[in-house]
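> turn this into a structure:
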Amino acid sequence: MDVSLPQDVPIGLLLPDLMRLVRSRETIDAPVSEREFPKDANRIVWSLIRLRERTPLQLSNTLRQEKIVDGELLRLTSERALSAPTLYDDVVDAAARLNKTGYPSWNATAARWMAFAGVYLASAMWVYFLVARALRPNRPALVGLSVVVAVALVGVGALACRSYGRSDVGAAMGWASIPIFSGVVWAGLSGVGGYGLAAGSAGMVGVCYAVFRAIGTGHWGYLGAGLFFAASSGALAAHAVGVGAPVVGAATAAIATLSCLAVPMLKTRSARLGPSVGEPRGNRQSADPFLPDEQDVPEQAVADSPAVTTNVWERVRTTTLTRAGIYAGLASSAVVGASTILTSSPQTDWPSVAFTSACAAALGIYAQRATTAVERAALAVPAFAVTVMTCAVAQSGRQPMPPVAFAVLLVSTVASAFIAVKPPTERLARRTRQAVDYMTYLATAAVIPLALWAVGAFAGLGIS
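Residues are numbered from 1 along each chain as shown. Purely as a prediction, here's the structure:
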C-alpha cells in the first residue's frame, strides 16, 4: 500500500489504523464465519518492520526517530501471541507430542531439505557419468538415460508447482535438471569443436527458458543460468574464431564484473492503492457528462481484486530475486573468466594475479551496494571463490608472490566479508563510508587497466 503517515506520532498509535486499513480490504466480502472475532484478534501482535531487517520498530518511537525516509517500504506483520499448550487425553496424540519434543530438529522442513540435497547429489552424479573419460564407451546409453532423468525432474517440478502449489519443490527440481541438460549437450557436442560448444551453450539458454515455462517458478535461477550460458557461448565463439584464451578470459571477467554496476538500476515499482470499499474516491468529476460523478460511485474493483498488499510484496520479492539472478549469472561468468586467465599460462605471473584480485575485490565491494541478503550472497560467494582460487594458484609462482598474495588476499577477504555481511541499513561512520566509496572507485577503475596488463597490451611500453 502507498499511504502517508505522520512522522511525529508514535508507531504504536499508527498500528490500529493500519491494521483496520488492511483488514477492510481482506475481509469486507468474507462471510461472517471466516472473519476474525475480537477474541482471536487479541491473540495477534502487529508490528512494523523494515524491508531488509527482522527486528520490528519500537512502538514508543516515531517514524522520525527511526529515521524512516519518504518512499521507504515497511512491512506490516502479524504474529500470534504465546498461549498455553493444549492438553490431550488421547494416547496417540500424547505419543506424537513426545516424539516431536524428543527430536525437535527433525520436521517436515528438514526432511524436505534433505530430499533436495539428495536430488542435487544425484544430478552431480549424472554429470560426472557424462563427462568422465572412463565411461566414454557407454556415453550414448548414458546420454539417453540422462535425458530421461532430466525430463522426469522437470515433470515432477511442474506437477508439484502447478497441481500442489509447492513452488519450492518445483524450483528445486527444475534447477537440478539444468546441470544434467548441460552435461548432455557437452557429451554430444564436445567432439565437434569450439563452434559446436558455442552453439550448445546458446541452446542451453533456450533450454532454461523452456524449463521455466514448463514449471512456472524459480525464475531467478533460470535467469542466472541463462546469463552464464550466454556469456559462455560468446566466449567459446570468440575462442573458436582464433582469439587467445587469456584475452577471452580477461574480457569475460572484466565485462561481467563491470556489468554488475548496472544491476541496481532495476528498481521496484511501488503499487498505488485506491480508496477502501464503499469510500468515495474524492472530488474528481467524471469525463462523461451522462454518467454520475465518481465520488458517488463506490469502489468495487478493489474488493473484486486480490489483496493489494500481497501484490506489492510479491512484486518487491520478484524484483529482488531478479536482481539476485542477474548478479549470480554475471559473477559466475567472472569466476570462469578469472579461472581461464589463471590457468591459460604455464607459469603464474603478477599481471594475472593482480587482475583476478581486482575482480574479486570489486565483486566483494559491490556486495555492499546490494540491498538484500540474497543479492549480497550472489556476489560475495563468487568473490570468495575467485579469492581462494587466486590464492591457491599464486602459491606456485615465484617468490615473493606466494606470501604476498596470501597476505593481500587474506586481508581483502576479511574486508569484503565484513562489508558484505554488514546490513546496509546500519549507519556507517563518515570516514568508513568515504573509505568504502574510495575503494569502490579504485576497484572499478583498476579492472580494465589490469585486464590489459594481464593480456600483454603494455608489453610494447616495457611493462610486463
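> Ile215 contacts Ala171, doesn't it?
Yes: at 7.3 Å, Ile215 and Ala171 qualify as touching, with contact defined as C-beta atoms under 8 Å. All C-beta spots, glycine's among them, are computed from the backbone N, C-alpha and C.
> joint contacts of these two?
Taking C-beta atoms under 8 Å, 6 or more residues apart in numbering as the contact rule, Ile215 and Ala171 both touch Gly157, Cys161.
> comparing those two, which shows the higher neighbour count?
Legend: neighbour count by other C-beta atoms under 10 Å for Ile215 and Ala171, higher for Ile215 (28 against 23).
> point out where the protein drops to low pLDDT.
Counting by pLDDT under 70, the ranges of the chain that qualify are 1, 25-43, 80-105, 267-312, 409, 413, 415-430, 459-464.
> max-length helix in it?
helix 308-343 (DSSP state H).
> for that one, name the packing helices and strands.
helix 11-26, helix 219-241, helix 245-259, helix 350-369, helix 373-394 (3 or more C-beta pairs under 8 Å, 6 or more residues apart in numbering; DSSP states H and E).
> turn the ones you listed into a markdown table, including mean neighbour count and distance to Val336.
As requested, these are exported to a markdown table (neighbours: other C-beta atoms under 10 Å; distance: least, C-beta to C-beta, whole Å):
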| stretch | mean neighbour count | distance to Val336 |
| --- | --- | --- |
| helix 11-26 | 15 | 47 |
| helix 219-241 | 21 | 7 |
| helix 245-259 | 23 | 7 |
| helix 350-369 | 26 | 11 |
| helix 373-394 | 21 | 10 |
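> now the ones you listed as a markdown table including distance to Ala198?
Output for the helices and strands packed on helix 308-343, formatted as a markdown table (distance: least, C-beta to C-beta, whole Å):
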| stretch | distance to Ala198 |
| --- | --- |
| helix 11-26 | 52 |
| helix 219-241 | 4 |
| helix 245-259 | 11 |
| helix 350-369 | 23 |
| helix 373-394 | 23 |
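> show me the contacts for the closest residue to Leu450 other than its chain neighbours.
Among residues not flanking Leu450 along the chain, Phe355 sits closest, at 4.1 Å (C-beta to C-beta, 6 or more residues apart in numbering). For Phe355, the residues meeting the contact criterion (C-beta under 8 Å, 6+ apart) are Ala250, Ala253, Ala338, Ile341, Val447, Leu450, Ala451, Trp453, Ala454.
> tell me which two of these sit farthest apart.
Ala338 and Trp453 (14.5 Å; C-beta to C-beta).
> those two: which is more packed in?
For the pair Ala338 and Trp453, the greater number of neighbours falls to Ala338 (33 against 21), based on other C-beta under 10 Å.
> so that one touches Thr387, yeah?
No: the criterion here is C-beta under 8 Å, and Ala338 misses it with Thr387 at 9.9 Å.
> what do these two both touch?
In contact with both Ala338 and Thr387: Ala360, using C-beta under 8 Å, 6+ apart.
> Trp239 contacts Gly194, correct?
Residue 239: His, not Trp. Yes: at 5.7 Å, His239 counts as touching Gly194 under the criterion of C-beta under 8 Å.
> closest to Arg54 out of the helices and strands packed on helix 308-343?
helix 373-394 (10.3 Å).
> next, the angle from that closest one to helix 219-241.
Orientation check (axes from the mean of the first three to the mean of the last three C-alpha atoms, to 10 degrees): helix 373-394 against helix 219-241 gives 30 degrees.
> burial of Leu442, as a residue count?
That count, for Leu442 with other C-beta under 10 Å as the rule, works out to 13.
> for the stretch 1-150 of the chain, what spans make up the helices?
11-26, 38-41, 91-102, 108-131, 139-162 (DSSP state H, counting those that start in this stretch).
> may I see these organised as JSON lines, with distance to Gln58 added?
Shown next, in JSON lines, are the helices of the stretch 1-150 of the chain (distance: least, C-beta to C-beta, whole Å):
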{"stretch": "helix 11-26", "distance to Gln58": "7"}
{"stretch": "helix 38-41", "distance to Gln58": "22"}
{"stretch": "helix 91-102", "distance to Gln58": "34"}
{"stretch": "helix 108-131", "distance to Gln58": "31"}
{"stretch": "helix 139-162", "distance to Gln58": "40"}
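> right, so the ones you listed: which one is the most enclosed?
Neighbour counts (mean count of other C-beta atoms under 10 Å) averaged over each of the helices of the stretch 1-150 of the chain peak at helix 139-162, with a mean of 17.
> can you name the next helix or strand after it?
helix 167-189 (DSSP states H and E).
> name the helices or strands packed onto that next one?
Counting by 3+ C-beta pairs under 8 Å, 6+ apart, helix 167-189 packs on helix 108-131, helix 139-162, helix 194-215, helix 219-241.
> mind saving the C-alpha coords of that helix as PDB?
The C-alpha trace of helix 167-189 is given here as PDB (Å, rounded to 0.1, in the frame of the first residue of the first chain):
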ATOM      1  CA  SER A 167       6.800 -23.600  -5.700                       C
ATOM      2  CA  ASP A 168       9.900 -24.500  -3.700                       C
ATOM      3  CA  VAL A 169       9.800 -28.100  -4.800                       C
ATOM      4  CA  GLY A 170       9.100 -27.100  -8.400                       C
ATOM      5  CA  ALA A 171      12.100 -24.700  -8.400                       C
ATOM      6  CA  ALA A 172      14.400 -27.200  -6.800                       C
ATOM      7  CA  MET A 173      13.500 -30.000  -9.300                       C
ATOM      8  CA  GLY A 174      13.900 -27.600 -12.300                       C
ATOM      9  CA  TRP A 175      17.200 -26.200 -11.200                       C
ATOM     10  CA  ALA A 176      18.500 -29.800 -10.700                       C
ATOM     11  CA  SER A 177      17.700 -30.600 -14.300                       C
ATOM     12  CA  ILE A 178      19.800 -27.800 -15.800                       C
ATOM     13  CA  PRO A 179      23.300 -29.400 -15.000                       C
ATOM     14  CA  ILE A 180      22.100 -32.700 -16.500                       C
ATOM     15  CA  PHE A 181      20.900 -31.000 -19.700                       C
ATOM     16  CA  SER A 182      24.300 -29.100 -19.900                       C
ATOM     17  CA  GLY A 183      26.200 -32.400 -19.400                       C
ATOM     18  CA  VAL A 184      24.100 -34.000 -22.200                       C
ATOM     19  CA  VAL A 185      24.900 -31.000 -24.500                       C
ATOM     20  CA  TRP A 186      28.600 -31.200 -23.700                       C
ATOM     21  CA  ALA A 187      28.700 -35.000 -24.300                       C
ATOM     22  CA  GLY A 188      27.000 -34.700 -27.600                       C
ATOM     23  CA  LEU A 189      29.000 -31.700 -29.000                       C
END
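> any idea how far Gly224 is from the residue sitting nearest the centre point of the chain?
Central residue of the chain (C-alpha atoms, centre = their mean): Ala324, 3.1 Å from the mean position. To Gly224, Ala324 is 8 Å away according to C-beta to C-beta, to the nearest Å.
> shared neighbours of the two, anything?
Ala378.
> which residues are in contact with stretch 199-219?
Contacts of stretch 199-219 (C-beta under 8 Å, 6+ apart): 154, 157-158, 161-162, 167, 170-175, 177-178, 181-182, 185-186, 188-189, 222, 225-226, 229-230, 232-233, 236, 318, 321-322, 325.
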